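Student: Provided below for reference: sequence and predicted model.
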Amino acid sequence: MSADSKKCAMEGCLCMAPAGQKYCSAYCQAAKKEIKLQCDCGHPACESQKL
Ligand SMILES: [Zn+2]
Ligand SMILES: [Zn+2]
């Protein structure tokens, strides 16, 4: 496990955020104020949890 890789800070997001960033994408950064059960960032890890 790499020290510079950590999970996106948004609840419900399964993606890994890039080094130095709290969120995996601009989507998660914009959605941080909202509580969501599912993430719509479009990354495969999150797409796969949708039905
Ligand atoms: Zn996500
Ligand atoms: Zn995310």
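Tutor: Thanks, I have the structure now. Ligands and ions are numbered 1, 2, ... in the order given.

Student: can you give me the helices in the protein?
Tutor: In the chain, the helices defined using DSSP state H lie at 26-31, 44-47.

Student: out of these, nearest to ligand 1?
Tutor: When the helices of the chain are compared by C-beta to the ion, helix 44-47 sits nearest ligand 1, at 3.6 Å. For every residue, glycine as well, the C-beta is placed using N, CA and C.

Student: please identify the most buried of the helices of the chain.
Tutor: Of all those, helix 26-31 carries the top mean neighbour count, a mean of 16, counting by mean count of other C-beta atoms under 10 Å.

Student: who touches it?
Tutor: 8-10, 13, 15, 22-23, 39-42 (C-beta atoms under 8 Å, 6 or more residues apart in numbering).

Student: quick one: is it near ligand 1?
Tutor: No - against ligand 1, helix 26-31 shows no contacts by C-beta under 5 Å from the ion, the least distance being 5.9 Å.

Student: which residues are in contact with residue 8?
Tutor: Applying C-beta under 8 Å, 6+ apart, we find residue 8 in contact with 14-17, 22-25, 28, 39, 41.

Student: let's see it at 10 Å
Tutor: Residue 8 makes contact with 14-18, 21-25, 27-29, 32, 39, 41, 43, 45-46, according to C-beta atoms under 10 Å, 6 or more residues apart in numbering.

Student: re the thing from before, got the helices of the chain as CSV, with mean pLDDT columns?
Tutor: CSV is the format used below for the helices of the chain (pLDDT from 0 to 100):
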stretch, mean pLDDT
helix 26-31, 90
helix 44-47, 90
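
Student: right, so of those helices, which gets closest to ligand 2?
Tutor: Ligand 2 lies closest, by C-beta to the ion, to one member of the helices of the chain: helix 26-31, at 3.3 Å.

Student: anything in the closest one near ligand 2?
Tutor: Yes - judged by C-beta under 5 Å from the ion, helix 26-31 comes into contact with ligand 2 at residue 28.

Student: who in the protein is up against ligand 1?
Tutor: Going by C-beta under 5 Å from the ion, the residues of the chain near ligand 1 are 13, 15, 39, 41, 46.

Student: for the second one, give me the pLDDT.
Tutor: I take that to be residue 15. Note on residue 15: pLDDT of 92.
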